[in-house]
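Student: Next input, structure requested:
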Amino acid sequence: MSTSREAVYLRHVLALCKAGSQIPVESVEALIEGDGSVDPLLVELVRSRAIREDAWGPLWAIVVLGERRSSPGLAAILDAARTDNDLVHEGVEFALGRYGAAAVDPILAFLRDNPGLDGRVHLYSALARTRDRRALDFLIRQLRLDEDCMGAIAWALAETHDPKAVASLEAIVARFGKRDPELVEALEAAVHPGPEEPAPAEDWRAHWTWLEEEAAESEEESGEPSGAANAEDDAEGPNFLPRCYDVRCPVCRADLEYDTTDGTVKVTQPRDSERRAS
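Tutor: Numbers count the residues shown, from 1 in each chain. This next block holds a predicted model:
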């Protein structure tokens, strides 16, 4: 990869970190269309300890990896399911669903190796999104086995409207329905989908628009720009101000080395106070 192209990709990856809740559309699209050298940068962003507490940068990186159906990115996306960040979990669910059947075996293996994972409900939903027969059969079995997530699995199956899924929901409602109204509601949704029910999102823009709308509504209600209303939150992550810089991460290095005056990436040593390597 040429130095100039590397600089462009790094600037776009940094834009994912600095964008906060406002979808960095230009950078997302540029990275989706980028060559294979984009994937390592995105994987490092998802895995870097330095930015683990910043929900937005890793989230947009996960979205891009999912749109690229990146083979190197699949393991990193699954690893992100171990975090306790609900927003990242949402990104994991959507991105894995974009891989389709190719994600089924890796998800099943990950669930087998990580029993009791807090974020497993999102992996269940991702499996349902694939509409793969193996995935649905697994969820039908899991509906009886994972009582803690029974409601979430029921809704994941309900959204498929698959005949076998409906039959399994009928059986579980007959057993538990009287003490779990959520199962009854899921069965009703499976059998009688509402006319307003949207089709599964086919485009990342359609799925994530709610974030932009949410920010716009917040700005309208407060009468202040969303960045000003959330200045304290921004200092924690969306502006990419990590508590420590992981010098192995090219995104962190770029944040320290990027010279905005001439658009080049310079090889410089960060100040000791800036490095704060973990």
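
Student: Contacts for stretch 32-41, please.
Tutor: Outside stretch 32-41, the residues that touch it by CB atoms under 8 Å, 6 or more residues apart in numbering are 1, 5-6, 9-10, 12-13, 31, 64-65, 67-68, 70, 72-73, 250-251. Backbone N, C-alpha and C define where each C-beta goes, glycine included.

Student: and that stretch, how far from the chain's centre?
Tutor: Distance, stretch centre to chain centre, for stretch 32-41: 17 Å (CA atoms, centre = their mean, to the nearest Å).

Student: how long is that stretch from one end to the other?
Tutor: 12 Å (CA to CA, to the nearest Å).

Student: do stretch 61-74 as well
Tutor: 12 Å.

Student: same question, stretch 30-41
Tutor: Rule used - CA to CA; the end-to-end distance of stretch 30-41 is 13 Å.

Student: returning to what we had before: among the contacts of stretch 32-41, which are in strands?
Tutor: If you go by DSSP state E, the contacts of stretch 32-41 have nothing in strands.

Student: So which of these are in helices?
Tutor: 5-6, 9-10, 12-13, 31, 64-65, 67-68, 72-73, 250-251 (DSSP state H).

Student: Buried by neighbour count, from the contacts of stretch 32-41: which ones?
Tutor: Those of the contacts of stretch 32-41 that meet the buried threshold are 9-10, 12-13, 31, 64-65, 67-68, 70, 73, 250-251, by 16 or more other CB atoms under 10 Å.

Student: Take the residues you listed and lay them out in JSON lines including pLDDT and distance to residue 38.
Tutor: Output for these, formatted as JSON lines (pLDDT from 0 to 100; distance: CB to CB, whole Å):
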{"residue": "9", "pLDDT": "91", "distance to residue 38": "6"}
{"residue": "10", "pLDDT": "90", "distance to residue 38": "10"}
{"residue": "12", "pLDDT": "93", "distance to residue 38": "8"}
{"residue": "13", "pLDDT": "91", "distance to residue 38": "8"}
{"residue": "31", "pLDDT": "96", "distance to residue 38": "5"}
{"residue": "64", "pLDDT": "96", "distance to residue 38": "8"}
{"residue": "65", "pLDDT": "96", "distance to residue 38": "9"}
{"residue": "67", "pLDDT": "94", "distance to residue 38": "11"}
{"residue": "68", "pLDDT": "95", "distance to residue 38": "7"}
{"residue": "70", "pLDDT": "94", "distance to residue 38": "8"}
{"residue": "73", "pLDDT": "95", "distance to residue 38": "10"}
{"residue": "250", "pLDDT": "74", "distance to residue 38": "11"}
{"residue": "251", "pLDDT": "75", "distance to residue 38": "12"}
